[in-house]
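Chemist: this one's sequence-less:
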């Protein structure tokens, strides 16, 4: 996946003003690089026997254009920087210096954020029109209008106060023993309010054609378990602010000052115990660690105090028995806590879980208090306007209804056709790369290409739209949101025991992202991302391949990163490697982990090379494959373009760099180091490009240049 998005458990991602142009030769002289000479187009290396020599083809005509003509931003460049020293700064430096972060956001990018704003405006119009009844009798428009309209009805939300969650809070007051505690957790889980743990569907790790249930660690109010266990000053300060936040929220919900303080102590104690039993994000990256097929009997043994039979019956699935448990020790800790914590403590914890899980749906006082703490975590200065929050909430709740008018009005055939071609070219490039690998045995190469051949790609939007079979009330936001959550949980668990649907989407069509799912062995590219600067019908092939081509290559490479490589062509967790090849592969991935562990997004704060390993491998493979695909697509061209003096190879790399121009607050940067499997954008550009000989050749970087790594890391 291009960006962190935990829509699916095994989805991967994500994947500026000088007016005068300096000729590339003059730029090279100023930077200390030799002038770049445009290399003739070449295709990816193959194992085919070279054909007999033929007369040289006429040299292609050189066409001069501006950078803007090919889809690049000349004003973004910082020409005072040597591209061989810091290419990201060279490609984005002026944009970084002159582009502010909007006050209602903690970060801003030239790609994701700009496209997201465009999509947000399109969705806003769709939803406003639907709420105004402009869709007539169309049932899709009616549902969209009702959900969005209820979200925008602030007077109704303020008048309701906390009445919509009162039934849940009253139920919690009845907790007196293990049986009643289990019953309350069941009722909360019906509405996807995840106290203690959560439940969903997943594919069987050993048989990807089967869908089973999965129980996962959950129940924390802070972004990650490390926030509870680290002893550095920043972590301690955030825990203090969190405690103050919990106390204020409980007061808003009706607790007295004394009771709110006692409740906060209970919450912090229980959540800390859960955090200590939780697996780290690095541990969770290994699918073998996540594969614990306990089934119903094993779940009963791990947590015998919990009323499992009543739980599954309460969810509507009394016969459910095929269950994977991602963290058995966590479930054992839940059982221990059930035996040790008193009913009063559970009432505090469960009440807080309800309040924090519904705070965005409650009156403004709750929303403002939640944002105040979010600001401490992310550095965001202002809260987003209500309409933006309602657009996002409606997309989350009924995204494939919203997606239908979005696709109709905003998605043309150009993006789909181009992405399909990029996929074909990049799959061909990957096959050629595999053929040429000197560290992989023929048997493993055959299996790698079998997996490549079985890979599917979903582009734009689903072939069959999801229906949302629950009532949407025009003046009750919380009821609508809880109904949407309950319906979605049933949709997920209804899959258990049924054939796997490889066409099921984990993102809505307007989403600006993409992902690869190793158990489905498919890549997904929503309509939302197929826009500039990732893709434009008016941009040149090099620039489009540097943008969208890199995205495609990134997701494809996820099928063969340190996680994806553990799944076979059918999506089973199965070893298809020889022992020697596996050892050589892991040696190469360790090189990548060590490289990124040296990068510092903030002074004294280094990246976790193991947490970001999969995304870094995908970035490296994605850029390389996209470059080979661009070269193949330009093979034999009668004309080549120089844009602002930059060759087509250089345009490709500028397309890569400028797609990732990105700014974020220090607070968000610090948080992402702990929780995000993606590296910051600077290192997503400089990291892979410094490993790529074609980049050094394009910009004539000397062997000692920072962007020319002597110990280059190359996995694929």
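Modeler: Received the coordinates, thanks. Keep in mind it's a predicted model, so treat the numbers as computed, not measured.

Chemist: which other residues reach stretch 495-505?
Modeler: The set of residues that contact stretch 495-505 without belonging to it, under CB atoms under 8 Å, 6 or more residues apart in numbering, is 201, 203, 208-213, 317, 320, 322, 400, 456, 458, 461-464, 520-522, 524, 526. Bear in mind the C-beta positions are built from the backbone N, C-alpha and C, glycine included.

Chemist: Distance from the chain centre to it, please.
Modeler: Shown here is stretch 495-505, whose average C-alpha point lies 21 Å from the average C-alpha point of the whole chain (CA atoms, centre = their mean, to the nearest Å).

Chemist: same question, stretch 359-378
Modeler: 23 Å.

Chemist: That stretch: which residues count as buried?
Modeler: 359-363, 366-367, 369-371, 373, 375-378 (16 or more other CB atoms under 10 Å).

Chemist: quick one: average confidence on that stretch?
Modeler: If you average the pLDDT over stretch 359-378, you get 97.

Chemist: cool, stretch 102-115 as well?
Modeler: If you average the pLDDT over stretch 102-115, you get 96.

Chemist: List the buried residues in that stretch.
Modeler: Of all the residues in stretch 102-115, those buried under the rule 16+ other CB under 10 Å are 105, 106, 107, 108, 109, 110, 111, 112, 113, 114, 115.

Chemist: Farthest pair within these?
Modeler: Distance extremes for those: the farthest pair is 106 and 115 at 17.5 Å, using CB to CB.

Chemist: what residues does stretch 132-147 touch?
Modeler: Counting by CB under 8 Å, 6+ apart, stretch 132-147 makes contact with 126-127, 129-131, 394, 397-398, 401-402, 404-405, 468, 472-474, 480, 484, all of which sit outside it.

Chemist: Start and end of it, how far apart?
Modeler: The first and last residues of stretch 132-147 sit 12 Å apart, counting by CA to CA, to the nearest Å.

Chemist: burial measure for residue 414, as a count.
Modeler: Residue 414 sits with 13 neighbouring residues when counted by other CB atoms under 10 Å.

Chemist: Make sure it is actually in contact with residue 538.
Modeler: No. In this structure residue 414 lies outside contact range of residue 538 using CB atoms under 8 Å: 9.8 Å.

Chemist: all helices for the stretch 551-700 of the chain, in order.
Modeler: Counting by DSSP state H, counting those that start in this stretch, the stretch 551-700 of the chain has these helices, from start to end: 579-596, 613-633, 648-659, 666-675, 681-690, 693-698.

Chemist: If you compare the directions of the first one and helix 613-633, what angle comes out?
Modeler: Looking back up the chat, that one is helix 579-596. For helix 579-596 against helix 613-633, the angle by axes from the mean of the first three to the mean of the last three CA atoms, to 10 degrees is 100 degrees.

Chemist: Residue 386: which of the helices of the stretch 551-700 of the chain is closest?
Modeler: Shortest distance between residue 386 and those, using CB to CB, is found for helix 666-675: 22.4 Å.

Chemist: circling back to that earlier point, PyMOL command to pick out the buried ones of the contacts of stretch 132-147?
Modeler: Entered in PyMOL, the line below selects the buried ones among the contacts of stretch 132-147, by 16+ other CB under 10 Å:
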select buried, resi 126+127+130+131+394+397+398+401+402+404+405+468+472+480+484
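
Chemist: Sort out for me which of the contacts of stretch 132-147 are in helices.
Modeler: Judged by DSSP state H, helices contain the following of the contacts of stretch 132-147: 126-127, 129-131, 394, 397-398, 401-402, 404-405, 480, 484.

Chemist: Just give me the closest of those to residue 330.
Modeler: Using CB to CB, residue 484 is the member of the ones in helices among the contacts of stretch 132-147 that lies nearest residue 330, at 27.4 Å.

Chemist: Tell me where the protein has strands.
Modeler: 61-65, 107-109, 197-203, 211-217, 323-325, 456-460, 515-517, 522-526, 639-643, 662-664 (DSSP state E).

Chemist: Tell me which other helices or strands the fourth one touches.
Modeler: Pointing back at strand 211-217 there. Strand 211-217 sits against strand 197-203, strand 323-325, with contacts defined as 3 or more CB pairs under 8 Å, 6 or more residues apart in numbering; DSSP states H and E.
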